[in-house]
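K.L.:
Pasted the sequence and its predicted model underneath.
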Amino acid sequence: LGIKAWTKEANLLQRFGEKLISKEELMQASPKNWQRIEYAAGVFRQIYDRTLDALNVVLVRNGYDTIPKRQDYFRHFTELSDKFDAFGIPQLLRETAPADISGIARNFKPGKPFFASALPREGTETTYDAIVGIERYMDGAGKVLFLTDDIQRLRKFEAALRSEAPHLKNFINNISEYTNHLAGRKGSFDIAFEGLVGETV
């Protein structure tokens, strides 16, 4: 599409795609590239809509609620919130008092990769960059699309082993840790919480 991240065009693309500016305002802001931006907005709209449909198929198949379609959706992000996402820390844990985090984190076994874009949007604060936004959206969406089924199967396998072969404790724990890794609960997850609660999680 010829639009690079962290540019004026990427900013305008998101604002136009979210209908925060009109076509006339877009033409005034970018006389040379407005047609390219207008075309890109349509392409991005198709990508977001088709990806959401595919995500909801996977979520329903695995017993989760669907993600509601948001009108004129473009991915919102800030650097701080995306650092939480990179650690696989869901909103519940972000809002939990540090004294309570240890127990939650220790027992936290996600059944799918954490996907920030599935959360209800609160406020309008964001970095306006459609290119960076869609890259981060597709990174999270891809993990949900291609890993959720495997994570669910591994959780069931782990539960069956705990019930039928409890003597295989080390193997079961390895399965659990591997599944946590697929779901985004990486080693750095525990390191982050250790810094918060002052103990090894």
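P.N.:
Received, thanks.
K.L.:
So G184 versus A118, what's the distance?
P.N.:
G184 is 13 Å from A118, where distance means C-beta to C-beta, to the nearest Å. C-beta coordinates here come from the backbone N, C-alpha and C atoms, glycine included.
K.L.:
Which one of those two is surrounded by more residues?
P.N.:
A count of neighbours by other C-beta atoms under 10 Å puts G184 above the other of G184 and A118, at 23 against 20.
K.L.:
Surely that one and K109 touch.
P.N.:
No - if you go by C-beta atoms under 8 Å, G184 and K109 don't touch, sitting 11.6 Å apart.
K.L.:
need the contact list for V57.
P.N.:
Not one residue lies near V57 by C-beta atoms under 8 Å, 6 or more residues apart in numbering.
K.L.:
Quick check: pLDDT value at it.
P.N.:
V57 carries a pLDDT value of 99.
K.L.:
If we go by neighbour counts, what in the helix or strand it falls within is buried?
P.N.:
If you go by DSSP states H and E, V57 is part of helix 34-61. Using 16 or more other C-beta atoms under 10 Å as the test for burial, helix 34-61 gives 34, 37-38, 40-41, 44, 48, 51-52, 55-56, 58-59.
K.L.:
I'd like those laid out as CSV, including distance to L20.
P.N.:
Listed next are these as CSV, based on distance: C-beta to C-beta, whole Å:
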residue, distance to L20
W34, 15
I37, 13
E38, 14
A40, 15
A41, 12
F44, 14
Y48, 16
T51, 22
L52, 21
L55, 25
N56, 26
V58, 31
L59, 29
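K.L.:
Specify which member of these is nearest to G2.
P.N.:
Using C-beta to C-beta, A40 comes nearest to G2 of those, at 8.3 Å.
K.L.:
quick one: that closest one and L12 touch, right?
P.N.:
No - taking contacts as C-beta under 8 Å, A40 lies outside contact range of L12: 9.8 Å.
K.L.:
mind listing what's buried in the longest helix seen in the chain?
P.N.:
Scanning the chain for the longest helix, with DSSP state H as the assignment, gives helix 130-164. Residues of helix 130-164 classed as buried: 130-134, 136-137, 140-141, 143-145, 147-148, 151-152, 154-155, 158, 161 (neighbour count, 16+ other C-beta under 10 Å).
K.L.:
Thanks again, I'm all set now.
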